[in-house]
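Engineer: just coords:
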């Protein structure tokens, strides 16, 4: 249960960052102006600032990150707060993050209070700690291969969405900025300080339909009918839209980005702070001899008749 809870928490955050709110963006080469102004900026000025931030972030390809994700109590087992800090890279996606928070430990007193998570080649590795190793053949690292899990589910569309989607969207805050550029109500809020740094604050909102229409990455992995099915599925979940706010410093880099996803169960809030753009993001997979592959567990469950569907809690 501890492994499954941690895996679910990590997967939710990872998919949120890589797919749920990412989209293709502008690449028109405009340069920011007015970012240091305390006056309200015009739409053209706002577009130039966010475009410049997009270009600078895309070029940096990595940064140090502090992330907090909060889900309301109404979401049941998925509720609570999760914090992640470390370094991440995009194009390609790599992460070396440490997780803490009530989302890991709520309802499970034996769950580790801190988990290190690595992401490399669409595979997540989680260090569950020495205490958990006794239940995993003496291995304290858990491996989640997203490609293999999708294939094991026997759902070709799921596999295509998960593998292709992650490949095309990456773990890329530049894509979050690209999404913001496509918001019809993008606007400048005003000056603000973030941890003592002078910034300009911007916000915008996309409906589910607008998000999918602007998400060029989906064109690479889904056909028209598959896109329609995905849209209906998201609509059925009751998600109303995606609200994004970003704070841009005088060097055109985003230093903070907040994303709220509204649903009938409440709002899932994600806040990220970025620093040291271009920081080294080198990730090495843990030794195979110290790694417990979740696919092996799934296969055992399948043999025993438990399956890998929702009834098994996976």
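Structural biologist: All right, it came through fine. Only a predicted model underlies this, so the values are computations on that prediction, with no experimental measurement involved.
Engineer: Please count neighbours and contacts with C-alpha atoms only from this point.
Structural biologist: Fine.
Engineer: Tell me which stretches of the stretch 51-200 of the chain form helices.
Structural biologist: 102-105, 130-133, 146-152, 156-159, 165-169, 173-181 (DSSP state H, counting those that start in this stretch).
Engineer: weakest of those helices by average pLDDT?
Structural biologist: Lowest mean pLDDT of the helices of the stretch 51-200 of the chain: helix 165-169, a mean of 40.
Engineer: how close does the nearest residue to residue 253 once chain neighbours are set aside sit to residue 211?
Structural biologist: Residue nearest to residue 253 in three dimensions, not counting chain neighbours: residue 53, with 5.2 Å by C-alpha to C-alpha, 6 or more residues apart in numbering. Distance of residue 53 to residue 211, computed by C-alpha to C-alpha, to the nearest Å: 20 Å.
Engineer: try residue 174
Structural biologist: When distance is defined by C-alpha to C-alpha, residue 174 is 15 Å away from residue 211.
Engineer: And for residue 81?
Structural biologist: 26 Å.
Engineer: got it, and residue 124?
Structural biologist: Distance check for residue 124 against residue 211: by C-alpha to C-alpha, it reads 27 Å.
Engineer: for residue 271, same thing?
Structural biologist: Distance from residue 271 to residue 211, counting by C-alpha to C-alpha: 19 Å.
Engineer: and what of residue 273?
Structural biologist: Distance of residue 273 to residue 211, computed by C-alpha to C-alpha: 23 Å.
Engineer: For the two, indicate the residue with more neighbours.
Structural biologist: Using other C-alpha atoms under 10 Å, the more surrounded residue of residue 273 and residue 211 is residue 211, with 23 against 20.
Engineer: Checking that one next. Helix, strand or coil?
Structural biologist: Classification of residue 211 using DSSP: H, G, I helix; E, B strand; the rest coil returns helix.
Engineer: give me every residue that touches the residue nearest to residue 253.
Structural biologist: 174, 177, 248, 252, 253, 254 (C-alpha atoms under 8 Å, 6 or more residues apart in numbering).
Engineer: what's the answer for residue 238, then?
Structural biologist: Applying C-alpha under 8 Å, 6+ apart to residue 238 gives the contacts 263, 264.
Engineer: cool, residue 124 as well?
Structural biologist: Neighbouring residues of residue 124 by C-alpha under 8 Å, 6+ apart: 117, 118, 143, 144, 145, 146.
Engineer: For beta bridges, what are the partners of it?
Structural biologist: On the basis of DSSP bridges, residue 124 is bridged to residue 119, residue 144.
Engineer: and the gap between it and residue 279?
Structural biologist: Applying C-alpha to C-alpha to residue 124 and residue 279 gives a distance of 21 Å.
Engineer: now swap in residue 252 and tell me
Structural biologist: The gap separating residue 252 from residue 279 is 17 Å, by C-alpha to C-alpha.
Engineer: Of those two, which one has the most company?
Structural biologist: More crowded of residue 252 and residue 279, by other C-alpha under 10 Å: residue 252, with 24 against 15.
Engineer: Just confirm the more buried one is within a helix.
Structural biologist: No: when classified by three-state DSSP, residue 252 is found to be coil rather than part of a helix.
Engineer: Would you mind giving both backbone torsions of it?
Structural biologist: phi 70, psi 20 (degrees, to the nearest 10).
Engineer: Grab the nearest non-local neighbour of it.
Structural biologist: Take residue 252 and drop its neighbours on the chain: the residue closest to it by C-alpha to C-alpha, 6+ apart is residue 53, 4.8 Å away.
Engineer: What confidence value was assigned to the one you found?
Structural biologist: Looking at residue 53, its pLDDT stands at 95.
Engineer: go on, residue 285?
Structural biologist: Listed pLDDT for residue 285 reads 93.
Engineer: Test my guess that it contacts residue 123.
Structural biologist: No: with contact defined as C-alpha atoms under 8 Å, residue 285 and residue 123 do not form a contacting pair (9.1 Å).
Engineer: Show residues contacting stretch 270-277.
Structural biologist: Applying C-alpha under 8 Å, 6+ apart, the contact partners of stretch 270-277 are 57, 60-70, 254-260.
Engineer: how does it look with 7 Å?
Structural biologist: 60, 62-70, 254-260 (C-alpha atoms under 7 Å, 6 or more residues apart in numbering).
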